[in-house]
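**Q** sequence and predicted model, in that order:
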Amino acid sequence: MRQSLDDDKGMDIVTIPLAGKSTIADYMIIATGASSRQVAAMADHIEFKLKKAGIAIMGKEGIQQADWVLLDTAEVIVHIFRPEVRDFYALERMWTQTASTDEVVHVS
């Protein structure tokens, strides 16, 4: 999947291991496309290659708008964003952030 994103000129491709962090998948791949058209094309190419390899896609979201497309194979979740949408959600920061012992959260 990562190679397909690279072949399609995906930018800032990141692979995040989820083992020990979540049971939703083993890995998360995050990439950026320059436009909605490129995001949709990258998602279509991954979907085609997965089907050809006999790998089922359990979930697919966002293809109509193509600001953020999610493909879920149960083992790997692929997120493809337009740049400003990726910056807004900052998924890699959330999933790679380490817990700080000196961080205090107050709830009122």
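**A** Perfect, I can see it now. Residues are numbered from 1 along each chain as shown.

**Q** hey, let's count contacts and neighbours off CA atoms from now on
**A** Noted.

**Q** gap between the residue nearest to residue 6 when sequence neighbours are not counted and residue 66?
**A** Spatially, and ignoring its direct neighbours in sequence, residue 6 is nearest to residue 13 (7.7 Å; C-alpha to C-alpha, 6 or more residues apart in numbering). Using C-alpha to C-alpha, to the nearest Å, we find residue 13 at a distance of 17 Å from residue 66.

**Q** one step back: my guess is the residue nearest to residue 6 contacts residue 3, does it?
**A** No - using C-alpha atoms under 8 Å, residue 13 is not in contact with residue 3, being 9.8 Å away.

**Q** so which of the two has more stuff around it?
**A** For residue 13 and residue 3, the more surrounded residue by other C-alpha atoms under 10 Å is residue 13, and the numbers stand at 17 against 11.

**Q** so in this structure, which helix runs the longest?
**A** For the chain, the longest helix by residue count, based on DSSP state H, is helix 36-52.

**Q** tell me the helix or strand right after that helix.
**A** Using DSSP states H and E, the helix or strand that follows helix 36-52 towards the C-terminus is strand 59-61.

**Q** tell me the strands beside that next one, with direction?
**A** Partner strands for strand 59-61, per DSSP bridges, with pairing direction: strand 68-72 (antiparallel).

**Q** could you identify the helix or strand that succeeds the partner strand?
**A** Counting by DSSP H and E, the next helix or strand C-terminal to strand 68-72 is strand 76-81.

**Q** can you list the weak-confidence ranges in the chain?
**A** Scanning the chain with the threshold set as pLDDT under 70 gives 97-108.
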